[in-house]
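Colleague: Show me how the following folds:
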Amino acid sequence: MAHNDLQIEHYSASEQLKPYVKTFLFINSIDGADNRLLPDTSIVLAFRIKGNIIDQSQDEARNLPQSVITGLRKSPRFLSYAVSTACLLVIFKEGGAAAIFKEPLHELFSRSMSLNEIIPVSQLELVEEQLIEAEDNKQRVGIVERFLLLRLDERRADQMVVRAIQKIKQTSGTIKVSALASDMAISLDPFEKRFRKVTGISPKQFAVTVRFRNLINQFSATESLTELALTAGYFDQAHFIKDFRTFTGMSPREFFKTEAWW
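Modeller: Numbering: from 1, shown residues only. Modelled structure (predicted):
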């Protein structure tokens, strides 16, 4: 994460939710901030406590709903936080959201959906009111945890997909999908369907996200563009730059000069 205009606090999940939730993140924007969010491997649930957040990723900017679930994507998002804006994010572990939501998560691809489309309005309004009235962020995390635990169905966890995710991460996204399906002892088509249903994205696009995230996190200023492309598994520099621009919205040279990303 690299943004100096946002105050960020992390909170750990309870033992029961740890298999599904990576972290709770409280974001506070005192003076307002613009943020570039790169594609990631986690589905995110966001509860806005106060203020306003504008999603400028589409052709037409729009105010985000008070409670929203955001799927995976292959291009960056651009968010503008108004002055005095605060929100609580639930960053799910890869595949973790499938144990909370029975809806097919691939339908969220490249989308941010208001939670009232999948949660009864009366139930959601109660949670939203409690979050606003809470005394501190620790109390807010407790409110959201209770909400998640009410919806948790551990039977929905697909262990084969969990193993496939681990394999992709272990290989920094370089493993071929056909080899991955073979490792899981399943044919390609049903493997891709199960993977997409649980993670919200195809295994190929998931691997691309892992690969580029890994590349960016380990970037050294001494590396040439050619070395960077080879590290990412590209032998054609033009193809690498095109895919990098899709992922970040910028060329590699432009991107590594900026710190305004998350």
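
Colleague: what bits of this protein have low per-residue confidence?
Modeller: Counting by pLDDT under 70, the chain shows low-confidence ranges at 1-4, 59, 259-262.

Colleague: What ranges does it have for its strands?
Modeller: 7-11, 21-29, 33-37, 44-50, 53-55, 62-63, 67-70, 77-81, 85-92, 112-114 (DSSP state E).

Colleague: Got the domain ranges for this protein?
Modeller: 7-154, 158-218, 222-262 (automatic domain parsing).

Colleague: Okay, now the longest one: how far is its last residue from its first?
Modeller: Spelled out, it's domain 7-154. Start-to-end span of domain 7-154 (Cα to Cα, to the nearest Å) is 33 Å.

Colleague: what do you get for stretch 68-76?
Modeller: Stretch 68-76 has an end-to-end distance of 17 Å (Cα to Cα).

Colleague: Give me the buried positions along it.
Modeller: Neighbour counts over stretch 68-76 (16 or more other Cβ atoms under 10 Å) mark 68-74, 76 as buried. Just so you know, the C-beta spots here come from the backbone N, C-alpha and C atoms, and that holds for glycine as well.

Colleague: Tell me which residues are up against it.
Modeller: Stretch 68-76 has contacts (Cβ atoms under 8 Å, 6 or more residues apart in numbering) with 36-46, 57, 77, 97, 101, 105-115, 118, 199-201, 205-206, 208-209, 246-249, 261.

Colleague: make it 7 Å
Modeller: 36-39, 41, 43-46, 105, 108-115, 200-201, 205, 246-249 (Cβ atoms under 7 Å, 6 or more residues apart in numbering).

Colleague: before we move on, what about stretch 94-101?
Modeller: Here stretch 94-101 makes contact (Cβ under 7 Å, 6+ apart) with 19-21, 41-43, 105, 118, 148, 151-154, 156-158, 161-162, 165, 198-199.

Colleague: Go again with 6 Å.
Modeller: For stretch 94-101, the surrounding residues in contact (Cβ atoms under 6 Å, 6 or more residues apart in numbering) are 20, 41, 43, 148, 151-152, 156-157, 161-162, 165, 198-199.
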